[in-house]
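A.B. asks: Whatever this is, show me its structure:
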Amino acid sequence: MDWAAFVRAHNLKHPMSRRGNCHDNAVAESFFNLLKRERIRRRNYRTREEATQDVFDYIEMFYNPKRKHARNGILSPVDFERQQKLRHEGV
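C.D. replies: Below you'll find the predicted structure:
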């Protein structure tokens, strides 16, 4: 069963806005690719809580405050937001 048929069969709303629009989920897909590659690949979690805590730590202790992003001018999300706030305050 393909994805569209699965969605229809389970009376779900399709996540894409229209056929061929590949940018709808690009940000989320990029993030989850990084999460898998940088953190959870080759790890075995004993419990769901352990997995949840590890993902939380990745996002809050590394990804947001420290990981540099090319789309943010090689700044972390926290530094980028701080810079944007300073720009707006100076205007």
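A.B. asks: contacts and neighbour counts: CA atoms only from here.
C.D. replies: Noted.
A.B. asks: Just name the shakiest helix or strand of the chain by mean pLDDT.
C.D. replies: helix 3-9 (a mean of 84; mean pLDDT, DSSP states H and E).
A.B. asks: Buried residues in it, which are they?
C.D. replies: By 16 or more other C-alpha atoms under 10 Å, helix 3-9 has no buried positions at all.
A.B. asks: How about stretch 50-68?
C.D. replies: Residues of stretch 50-68 classed as buried: 54-55, 58-59, 63-64, 67-68 (neighbour count, 16+ other C-alpha under 10 Å).
A.B. asks: just checking, which of those residues belong to helices?
C.D. replies: Among those, the ones falling in helices (DSSP state H) are 54-55.
A.B. asks: For A5, state which of the buried residues of stretch 50-68 is nearest.
C.D. replies: Nearest to A5 among these is V55, at 31.4 Å by C-alpha to C-alpha.
A.B. asks: wait, what's in contact with that closest one?
C.D. replies: Counting by C-alpha atoms under 8 Å, 6 or more residues apart in numbering, V55 makes contact with 35, 39-40.
A.B. asks: Could I have the buried ones of these as PyMOL selection syntax?
C.D. replies: Only the buried entries of the contacts of V55 go into this PyMOL selection, using 16+ other C-alpha under 10 Å:
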select buried, resi 35
